[in-house]
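Colleague: Predicted coordinates and the sequence they were generated for:
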Amino acid sequence: GAGVSQTPSNKVTEKGKYVELRCDPISGHTALYWYRQSLGQGPEFLIYFQGTGAADDSGLPNDRFFAVRPEGSVSTLKIQRTERGDSAVYLCASSQQGRETQYFGPGTRLLVL
Amino acid sequence: AQSVTQLDSQVPVFEEAPVELRCNYSSSVSVYLFWYVQYPNQGLQLLLKYLSGSTLVESINGFEAEFNKSQTSFHLRKPSVHISDTAEYFCAVSRQGGSEKLVFGKGTKLTVNP
């Protein structure tokens, strides 16, 4: 079956612009996670959805970042007024409800110039 | 809160040599433990995990890790590495219970040389 997919695979934008990153989880997975991986670092948690609602958004760095999952499947991570420090690989993962194993997508590499 | 420390950022070894990648964690609650692997230009893949039961867990490609509660460690070992094991390895923890966020270490870059 299909794994977690993320689009675009690469995104180059200019400082101050708005970007949207998309994640399509494994079919039937109710839990969806966003992580950010900066160069030389491990992934850092951003936000977790259970169904349509954000169950934990404690990792979002500031109010320029927000994410939605309106129908409980596809999720979009939105970044307003991008800054150079937002440059990173944004990873999405999904899991079955109540299960501990997360399956990761290939990531979106964001570069803010 | 949980934290993970991977003591070695880079580990170079020769092919067929044994290797150990170290991972220590800190948590005030019971945790699950994971090793993920990231091959060059690929996404994160689960290598192995400890949930409960036997403290020694194995992967299909010859890696093993042992959960040591007293030392709060989950070191990854392989008795004989291959060139194809060259990758970045991440140790991670989550609170027990399922559907919990992962807390990752900074990763260890394993390079296997001929």
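Modeller: Looks like it came in fine.

Colleague: Wondering if stretch B:94-102 reaches chain A at all.
Modeller: Yes: with CB under 8 Å from any CB of the partner chain as the measure, stretch B:94-102 is seen reaching chain A through B:94, B:98, B:99, B:100, B:101, B:102. All C-beta spots, glycine's among them, are computed from the backbone N, C-alpha and C.

Colleague: looking at those residues, which has the most residues close by?
Modeller: If you count neighbours using other CB atoms under 10 Å in any protein chain shown, the busiest of the residues of stretch B:94-102 next to chain A is residue B:102, which has 26 neighbours.

Colleague: so who does the nearest residue to that one once chain neighbours are set aside touch?
Modeller: Nearest non-adjacent residue to residue B:102, counting by CB to CB, 6 or more residues apart in numbering or on different chains: residue B:92, 4.4 Å away. Applying CB atoms under 8 Å, 6 or more residues apart in numbering or on different chains to residue B:92 gives the contacts A:42, B:4, B:33, B:34, B:35, B:36, B:102, B:103, B:104, B:105.

Colleague: hang on, the first one packs against residue B:108?
Modeller: No: with contacts counted by CB atoms under 8 Å, residue A:42 stays clear of residue B:108, the gap being 10.0 Å.

Colleague: Nearest to the middle of chain B, which residue? Look it up for me.
Modeller: The structure's chain B has its C-alpha centroid closest to residue B:35; by CA atoms, centre = their mean the separation is 3.4 Å.

Colleague: Setting the sequence-adjacent residues aside, check what's closest to that one.
Modeller: For residue B:35, the closest residue by CB to CB, 6+ apart turns out to be residue B:47, at 4.4 Å.
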